[in-house]
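Engineer: I would like to see how this sequence folds:
(one chain, ligands or ions: 2)
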Amino acid sequence: MMDQVKFRAMKDGDAADYAFLTEHEIEYTKGTADRLLRALVALDEGLSGYQVTRLGHSLQSATRAERDGADTDWIVSALLHDIGDIFAPYNHDEYAAAILRPFVREQCAWVVEKHGDFQMLYYGHHVGGNRDKRETYRGHIYFDDCATFCERWDQNSFDPDYDTLPIEHFAQRVREVFARQPYDPAVLRPGARAPLVS
Ligand SMILES: [Fe+2]
Ligand SMILES: [Fe+2]
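Structural biologist: Ligands and ions are numbered 1, 2, ... in the order given. This next block holds a predicted model:
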């Protein structure tokens, strides 16, 4: 049994090396959900100034999604929508979408990717930005979904008095999503729109 590859440059690897790496990668991938949950906890230390931490905001978004009767793809997307704040403060939406895209409905990944632009509606005019940035996407099949996501779960989830559920409440859902077959067409369902509120 090898415990590491023989090569020092990829072009020198052989089939046994790459078979070993594939195995190794599959094992490692199983830990994605728990690594994300730990990263979410790390958001607690990030970016202060709001009345709730980034973790508190994320949990509040997910709690609101769940209470709106949204499905697992939505709840997990709401939970992780700001996870990019740690490493990608200037495109945190794209970063989060990249993490989610292989494992959730296309609708949810699109909404997470664009939520930063849609959120401008609420504060763009206070910072010299364009609050109508979302108009670029007017007519897109998921436009209304992203508008609803921001209105019901994102812009309002900075309330320290809201009865927010703890991270443990969502852990099993996160594990379930990241245990899915990546890019499974039955999960991605391009063009399908599940309601945010039911
Ligand atoms: Fe965000
Ligand atoms: Fe947010």
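Engineer: what sits against residue 147?
Structural biologist: Residue 147 makes contact with 118, 134 under the criterion CB atoms under 8 Å, 6 or more residues apart in numbering. All C-beta atoms are positioned from the backbone trio N, CA, C, and that covers glycine.
Engineer: can you tell me the SS state at it?
Structural biologist: Secondary structure, DSSP: H, G, I helix; E, B strand; the rest coil: residue 147 is helix.
Engineer: output the below-cut-off pLDDT ranges for this protein.
Structural biologist: Low-confidence segments of the chain (pLDDT under 70): 46-47.
Engineer: what residues does it have near ligand 2?
Structural biologist: Proximity of the chain to ligand 2 (CB under 5 Å from the ion) is limited to residues 82, 154.
Engineer: check the protein for its longest helix and report it.
Structural biologist: Identified as the longest helix of the chain according to DSSP state H is helix 106-123.
Engineer: count the neighbours of the closest residue to residue 101 other than its chain neighbours for me.
Structural biologist: For residue 101, ignoring the flanking residues on the chain, the nearest one in space by CB to CB, 6 or more residues apart in numbering is residue 109 at 4.3 Å. Residue 109: 22 surrounding residues under other CB atoms under 10 Å.
Engineer: mind listing what residue 109 touches?
Structural biologist: Going by CB under 8 Å, 6+ apart, residue 109 touches 77, 97, 100-101.
Engineer: and if we set it to 6 Å?
Structural biologist: 97, 100-101 (CB atoms under 6 Å, 6 or more residues apart in numbering).
Engineer: list the buried ones in stretch 140-159?
Structural biologist: Within stretch 140-159, the residues that count as buried by 16 or more other CB atoms under 10 Å are 142-143, 145-150, 152-155, 157.
Engineer: take that stretch, keep the C-alpha atoms, and write them as CSV.
Structural biologist: Extracted in CSV, the C-alpha atoms of stretch 140-159 (Å, rounded to 0.1, in the frame of the first residue of the first chain):
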residue,chain,number,x,y,z
HIS,A,140,-33.7,36.2,-16.2
ILE,A,141,-35.8,33.1,-15.1
TYR,A,142,-34.3,33.4,-11.6
PHE,A,143,-34.6,37.2,-11.2
ASP,A,144,-37.6,37.1,-9.0
ASP,A,145,-36.1,34.3,-6.9
CYS,A,146,-33.0,36.3,-6.2
ALA,A,147,-35.1,39.3,-5.4
THR,A,148,-37.1,37.3,-2.9
PHE,A,149,-34.0,35.6,-1.4
CYS,A,150,-32.6,39.1,-0.6
GLU,A,151,-35.8,40.6,0.6
ARG,A,152,-36.9,37.7,2.9
TRP,A,153,-33.7,36.0,4.0
ASP,A,154,-30.7,38.3,3.5
GLN,A,155,-31.2,42.0,3.9
ASN,A,156,-33.4,41.4,7.0
SER,A,157,-31.1,38.9,8.8
PHE,A,158,-29.1,41.3,10.9
ASP,A,159,-31.5,41.2,13.8
